[in-house]
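Colleague: Structure for the following, please:
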Amino acid sequence: MTPPVRRGRMPAVSDADIRRVAAELLVAQGAAALTLRAIARELGITAPALYRYYPSREDLLAALRRDICKQLADDLAAQVAELPDDGVVRLFAICRAFRHWALAHRHEFTLVFASPTADGSGTVRRFDESFGLVFLEAAGKLLAAYDLATPPVESIPEALRTDLLAFQGELMALLAGSDQKFPAEKFDLGVAYLMMTVWVRLYGHVTLEVFGNYPMPVSDPDVLFDAVLTDLAAGMGLTTGTAG
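Modeller: Predicted coordinates:
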C-alpha cells in the first residue's frame with residue numbers, strides 16, 4: 001500500500017493580504033475576476049479558508065469598497081489641502097479631482113459607483129462615505145461664505161420633499177457626530193435639494209464619460225466638463241470666475 005503523501009502547510013494569510021490581492025485583481029481584470037476561488041489561488045490557499053475572514057463574496061466586495069472610498073477620500077483631501085480656504089475653489093477642485101480619479105481608476109469606479117449592492121438597494125455613493133465627507137467639508141465652507149441661489153421650498157416637487165427631509169435629517173445627524181464645521185442654520189430644504197441635484201449632475205456626467213456613453217462624439221472632454229462645472233456654478237448663483 002502506498003503511504004499517503006504528506007501535504008505541506010498552507011501559507012498563513014491575513015485580512016490585509018486578502019484585500020491586497022482582491023484590489024490587484026480588480027485593477028487588472030475588473031470586478032468579474034473577483035471570486036473567492038481566484039483570490040485563494042493567488043494566495044496559495046483553498047477557497048474555504050477565506051470564509052474565516054469573509055462569509056461571502058459580497059462581504060469581501062463591501063470591504064474593498066470601503067478601502068477604495070477611504071483611499072479616494074485621502075487623495076481628494078490631499079489635492080485640496082494646499083488650496084485657498086475657500087469653499088468654491090475647493091468644491092470645484094474636488095469635482096475635477098473626482099473626475100480624474102474615475103477616468104484613471106475605471107474598475108474601482110465601477111465597483112463603488114456603478115455596481116448594485118447585495119440587497120439591490122442601490123450603489124455606494126452616499127455622503128456618509130469617507131469621500132462624501134470631503135465634499136461636505138467644501139460644501140460647508142461654501143454655504144458659510146456665500147449666499148447660494150437655492151430654490152424656494154414651494155418650487156420643489158412635493159413628492160420629493162419627504163425624501164429631502166429624510167436626507168436633511170440624516171446629514172444633520174452625521175454632521176453632529178463629526179468635527180465638520182457646517183452651518184446648520186443655513187441647511188434648509190432648498191440647500192438639500194441643491195446639494196442633491198449638483199451631485200446627480202456631476203455623477204451622471206462622470207459616469208457617461210467613464211463608460212463612453214456621451215450622446216455624441218466629443219473631441220475635447222475637458223472643455224465639456226469645464227462647461228458643465230460653469231453651468232453648475234451658475235445654477236448655484238456663483239460666477240464663472242469663482243468656479244474656475
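Colleague: residue ranges with poor pLDDT in the chain?
Modeller: Within the chain, the segments meeting pLDDT under 70 span 1-11, 117-128, 239-244.
Colleague: Quickly list the domain ranges of it.
Modeller: Following automatic domain parsing, one finds the domains of the chain at 10-55, 65-243.
Colleague: Compile those into TSV and extend it with columns for mean neighbour count.
Modeller: In short, each C-beta sits where N, CA and C put it, glycine included. TSV is the format used below for the domains of the chain (neighbours: other CB atoms under 10 Å):
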stretch	mean neighbour count
domain 10-55	15
domain 65-243	16
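Colleague: how about the helices of this structure, start to end?
Modeller: For the chain, applying DSSP state H gives helices covering 15-29, 36-43, 47-50, 57-80, 87-104, 106-113, 130-145, 158-176, 189-210, 221-235, 240-243.
Colleague: Figure out which of these is closest to residue 182.
Modeller: Smallest distance to residue 182 across the helices of the chain (CB to CB): 3.8 Å, for helix 130-145.
Colleague: chain center to the closest one, what's the gap?
Modeller: Centroid separation for helix 130-145 versus its chain: 14 Å, with CA atoms, centre = their mean, to the nearest Å.
Colleague: Only alpha carbons, please: show that helix as CSV.
Modeller: Taking Å, rounded to 0.1, in the frame of the first residue of the first chain, the C-alpha atoms of helix 130-145 are listed here in CSV:
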residue,chain,number,x,y,z
SER,A,130,-15.5,58.9,3.7
PHE,A,131,-15.1,60.5,0.3
GLY,A,132,-18.5,62.2,0.8
LEU,A,133,-17.3,63.9,3.9
VAL,A,134,-14.7,65.7,1.8
PHE,A,135,-17.5,67.1,-0.4
LEU,A,136,-19.4,68.1,2.7
GLU,A,137,-16.5,70.0,4.1
ALA,A,138,-16.2,72.1,1.0
ALA,A,139,-20.0,72.5,0.8
GLY,A,140,-20.0,73.7,4.4
LYS,A,141,-17.3,76.3,3.6
LEU,A,142,-19.3,77.4,0.5
LEU,A,143,-22.5,77.7,2.4
ALA,A,144,-20.9,79.7,5.2
ALA,A,145,-19.3,82.2,2.9
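Colleague: how big is the angle separating it from helix 57-80?
Modeller: Interaxial angle of helix 130-145 relative to helix 57-80 (axes from the mean of the first three to the mean of the last three CA atoms, to 10 degrees): 40 degrees.
Colleague: got a list of contacts for helix 130-145?
Modeller: 66, 69-70, 72-73, 76-77, 80, 85-88, 90-91, 94, 98, 125-127, 148, 171, 175, 178, 180-183, 186-187, 191, 195, 199 (CB atoms under 8 Å, 6 or more residues apart in numbering).
Colleague: before we move on, the earlier item: among the helices of the chain, which is nearest residue 152?
Modeller: helix 189-210 (6.5 Å).
Colleague: Can I get the helices of the chain in TSV including distance to residue 152?
Modeller: Formatted as TSV, the helices of the chain follow (distance: least, CB to CB, whole Å):
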stretch	distance to residue 152
helix 15-29	45
helix 36-43	52
helix 47-50	54
helix 57-80	32
helix 87-104	22
helix 106-113	31
helix 130-145	17
helix 158-176	12
helix 189-210	6
helix 221-235	15
helix 240-243	23
